[in-house]
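Engineer: Below is the sequence, then the predicted model.
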Amino acid sequence: MGIEEQTEEREVLDSIFPDEIQSISENEYRISILLDITNDDGDDSEPPTMLLQVKYPEDYPELPPILDLLPPPNAPVHPFFSVASDKQRLLWGLSETIEENLGMAMIYTLISTLKDNAEQLIAERQEGERQAHEQRLLAAEMEENKKFHGTPVTPESFKSWREAFRREMEELRIKEEEAEEIAEKRRNRGKEAVVQLTGKQLWERGMVGKVEEDEDDDDSIPFEDIQKLKVEA
């Protein structure tokens, strides 16, 4: 009874998957399953393919089939699916379907369930990446907005800013005074400084009498000149 059912199921599968099924032995074969997924913008990866290897035990379908999941040779890497990493999860996901279909031909149902589960797994990962991408964009936008909003002012932050500003202004004033002093020295370099003495300083230095004598000498007229003036008159 099991052999007849196995033969009939294999004939049906050959008609449904003429290009996807590959015989290994009389009771063992592989079926290539191409997943239907929609890539997001910017994702140029090819839809992944997996190989479901089926082996009938002698009493199938009263006993479950022996299943394995393999990647195709030289399969390109997909960002959201890996047969090697997802194999156990996908095979375990068939347990309930196998239990429900014991006693009946079940391979086509298992292929449909496996395909749906794999596509759902990829869709969940794509959605997770979309959310992560949105979070990264939001974080970048918030960071950019900080440049325009600035830091909130508190009494403590204002006091700290005011003290720093005053120190900066005082340092700037000192630097300007030092620069002006250096410039003044450079302008007077090689020149005698003219010092205007006060009256007290002139007195203390004994220069008052000398100044007066010099003035008197300048105003006096020689005696010979006076005699000449009298004669001429």
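Structural biologist: In hand now; what should we look at? Numbering: from 1, shown residues only.

Engineer: Can you name the helix or strand that the residue nearest the centre of the chain falls in?
Structural biologist: Note on the chain: the residue nearest the mean C-alpha position is A140, at 7.2 Å, using C-alpha atoms, centre = their mean. Per DSSP states H and E: A140 is located in helix 107-149.

Engineer: For A140, see how far away R30 is.
Structural biologist: R30 sits 47 Å away from A140, going by C-beta to C-beta, to the nearest Å. Glycine gets a C-beta too; all of them are placed from N, C-alpha and C.

Engineer: Then L51?
Structural biologist: Taking C-beta to C-beta, one finds L51 at 42 Å from A140.

Engineer: try G42
Structural biologist: 17 Å.

Engineer: could you pull out the strands for this protein?
Structural biologist: Ranges of strands in the chain, per DSSP state E, are 21-25, 28-34, 49-55, 66-70.

Engineer: still on that earlier bit, now do the helix holding A140 against strand 28-34, angle only.
Structural biologist: Counting by axes from the mean of the first three to the mean of the last three C-alpha atoms, to 10 degrees, helix 107-149 lies at 30 degrees to strand 28-34.

Engineer: just checking, what packs against helix 107-149?
Structural biologist: Packing partners of helix 107-149 (3 or more C-beta pairs under 8 Å, 6 or more residues apart in numbering; DSSP states H and E): helix 2-16, strand 28-34, strand 49-55, helix 83-92, helix 95-100.

Engineer: How about residues contacting the fourth one?
Structural biologist: In this case it means helix 83-92. 48, 50, 67-71, 75, 114, 117-118, 121 (C-beta atoms under 8 Å, 6 or more residues apart in numbering).

Engineer: Separate out the buried members of those.
Structural biologist: For the contacts of helix 83-92, a burial check counting by 16 or more other C-beta atoms under 10 Å picks out 48, 50, 67, 69, 114, 117-118, 121.
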